[in-house]
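Trainee: Quick one: sequence plus predicted model below, questions after.
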Amino acid sequence: MFKIFYAFVWLLTLLPLKVLYVLSDFIYVIVYYIGKYRRKVVRANLTKSFPEKSLEDIIQIERKFYHYFCDLFIETMYQINMSEKEILKRVKIVNADIINDFYLQNKSVMIMTAHYCNWEWLSSLTLSLSHKNSLHNIYKKLKDKSFDQFMIDLRTKYGAGIIEMQDLFKIMLHKRNEDELATYGMISDQRPAAQSIRFWMTFLNQDTPVFVGTEQLSKKFDYPVVFLAISRIKRGYYSAEVKLLESEPKNTAPNEITEKYMRMLEENIKAAPEYWLWTHNRWKYKREIIS
């Protein structure tokens, strides 16, 4: 079944992206109006995150989100046949020299980014780094082996490496011992597992459990931390800006780096909320129940 899916997608993505967006528009109608995919979760998340907005405004954001959600699916699949030349045209990396300058100081770097805009295309950052193939994306293994390998192939297409979450500490330790510079890309806005919650903060007007693993690793290894902030320029085109979060993690207070990151992300979301992944039930856990 997967081979049939892959062959179909491979052939489909030979078409220009502007043609595939017509398909995205059709998928949007099915997903939003007919299938109503996770509409209750999205509506609840938006309503609680923006209590000052009217129902009409919430529905407008909701529709924009689902439209973009379908574009994101198409863009991710399109990467199968997208060349380095094309992705460099579609994703403009700003301030990559912040990372390259740390390399000159013989320092590896931690990236904190989010499920915002097209995070899958951020693997193209590796093409802007002075040490080629030094970017390593951290991921959680998928249950379906064929689809897991499919996503690995996409995420390593331009030379980036990939590390499964459970192997990260061991690999970071090995690379440090071998004096091998690396940049570790972490999507840090996900909901922590209930047993792993260590920090809560107000985020988008809600009491939110926050993932602190990136900060803990940055302090353990004393690696600088940057935020990779992506914004959508227009359909199929993005800007990804490297912003310094902390150059000396060991000198920061507990949760300081994580809170800085979440505040930056919050600013991005409030500016253009339709580009965040609202289908995820991020506020499933309540502090009083977990505690």
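Mentor: Perfect, thanks for sending it. Remember, it's a predicted structure, so these values are computed and weren't measured experimentally.

Trainee: tell me which element L173 falls in.
Mentor: helix 168-177 (DSSP states H and E).

Trainee: can you give me the strands for the stretch 51-200 of the chain?
Mentor: Here the stretch 51-200 of the chain has its strands, by DSSP state E, counting those that start in this stretch, at 91-94, 109-113, 135-139, 161-164, 183-187, 200-203.

Trainee: for the ones you listed, which one sits closest to H174?
Mentor: Between H174 and the strands of the stretch 51-200 of the chain, the shortest gap by CB to CB is with strand 161-164, which sits at 10.9 Å. In this view, the C-beta of every residue, glycine as well, is placed from N, C-alpha and C.

Trainee: quick one: that closest one to chain centroid distance?
Mentor: 14 Å (CA atoms, centre = their mean, to the nearest Å).

Trainee: same thing with stretch 130-141?
Mentor: Centre-to-centre, stretch 130-141 and its host chain are 13 Å apart (CA atoms, centre = their mean).

Trainee: Now do the buried residues in it.
Mentor: Using 16 or more other CB atoms under 10 Å as the test for burial, stretch 130-141 gives 134-139.

Trainee: what does stretch 271-286 give?
Mentor: When neighbours are counted by 16+ other CB under 10 Å, the buried residues of stretch 271-286 are found to be 273-280, 282-283, 285.

Trainee: One more: stretch 212-232?
Mentor: Neighbour-count burial for stretch 212-232 flags 212-219, 221, 223-232 (criterion: 16+ other CB under 10 Å).

Trainee: now the end-to-end length of that stretch.
Mentor: Stretch 212-232 has an end-to-end distance of 27 Å (CA to CA, to the nearest Å).

Trainee: And for stretch 200-219?
Mentor: Distance between the boundary residues of stretch 200-219 (CA to CA) amounts to 19 Å.

Trainee: ok, back up a step: just put the buried residues of stretch 271-286 in a markdown table and tack on pLDDT.
Mentor: Output for the buried residues of stretch 271-286, formatted as a markdown table (pLDDT from 0 to 100):
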| residue | pLDDT |
| --- | --- |
| P273 | 98 |
| E274 | 98 |
| Y275 | 98 |
| W276 | 98 |
| L277 | 98 |
| W278 | 98 |
| T279 | 97 |
| H280 | 94 |
| R282 | 93 |
| W283 | 95 |
| Y285 | 89 |
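
Trainee: out of the strands of the stretch 51-200 of the chain, which comes closest to Y28?
Mentor: strand 91-94 (23.0 Å).

Trainee: Can you tell me the strand partners of that closest one and which way each runs?
Mentor: Using DSSP bridges, the strands paired with strand 91-94 are strand 237-246 (parallel).

Trainee: now the strand it pairs with and strand 183-187, what's the angle there?
Mentor: Interaxial angle of strand 237-246 relative to strand 183-187 (axes from the mean of the first three to the mean of the last three CA atoms, to 10 degrees): 110 degrees.

Trainee: tilt between strand 237-246 and strand 109-113?
Mentor: Interaxial angle, strand 237-246 versus strand 109-113 (the same axes, to 10 degrees): 130 degrees.

Trainee: Show me how far strand 237-246 is from its chain's centre.
Mentor: Remark: strand 237-246 is offset 12 Å from the chain centroid, using CA atoms, centre = their mean.

Trainee: Noted, bye for now.
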